[in-house]
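> Have a look at this fold, sequence not included:
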């Protein structure tokens, strides 16, 4: 069960580098209120408490089961990629401070990779 819970957190709960887009996706399908979506989800067998529905509707969910994500996609007629929008600029890479951005493009600056030989000989020019 631990692996399943971890997978759920990775997929939808702790979405570093991803934006939760439920509200806009629902609006594109003509659903404007959280209560409307909550009723539709319940009709498909997914009963969500008012508190959890509020969290899903108004912000980034703390956790979400993969099975629940599947039901949301069925109800909204969407793909998971419609609900989780990648934001690679928010991902911190090794050796890089959080929030460091390139001034001209606004994207994250990846550290330069310089290959080194183990025998201390220089590499040919690129």
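Great, that's in hand. Just so it is clear, the structure is predicted and the values come from calculations on it, not from any experiment.

> CA atoms for contacts and neighbours, from now on please.
Fine.

> Distance of the closest residue to residue 47 other than its chain neighbours relative to residue 76?
Of all residues not flanking residue 47 in the chain, residue 41 sits nearest, at 6.6 Å (C-alpha to C-alpha, 6 or more residues apart in numbering). Separation of residue 41 from residue 76 (C-alpha to C-alpha, to the nearest Å) stands at 9 Å.

> pLDDT weak spots in this structure?
The chain contains residues with pLDDT under 70 at 1-16, 96-118, 120-126.

> Next, please give the residue ranges for the helices of it.
Using DSSP state H, the helices of the chain run over residues 2-8, 22-28, 34-43, 50-58, 66-76, 80-83.

> Contacts only, for residue 59.
Going by C-alpha atoms under 8 Å, 6 or more residues apart in numbering, residue 59 touches residue 20.

> coming back round to it: so the residue nearest to residue 47 sits against residue 74, correct?
No - assessed by C-alpha atoms under 8 Å, residue 41 is found out of contact with residue 74, at 9.1 Å.

> Looking at the two, which is more packed in?
Remark: of residue 41 and residue 74, residue 41 carries more neighbours, 20 against 14, as counted by other C-alpha atoms under 10 Å.

> Can you name the residues that contact the closest residue to residue 34 other than its chain neighbours?
Closest residue in space to residue 34, ignoring its immediate chain neighbours: residue 57 at 6.1 Å, by C-alpha to C-alpha, 6+ apart. By C-alpha under 8 Å, 6+ apart, the residues touching residue 57 are 22, 23, 34.

> What is the burial count for the residue lying closest to residue 40 once chain neighbours are set aside?
Counting by C-alpha to C-alpha, 6+ apart, the nearest residue to residue 40 once its immediate chain neighbours are dropped is residue 75, at 6.7 Å. Using other C-alpha under 10 Å, residue 75 has 16 neighbouring residues.

> what's near enough to touch residue 75?
40, 41, 44.

> how near is it to residue 58?
As judged by C-alpha to C-alpha, residue 75 and residue 58 stand 18 Å apart.

> who are the neighbours in contact with residue 41?
47, 48, 71, 72, 75.

> Thanks a lot, catch you later.
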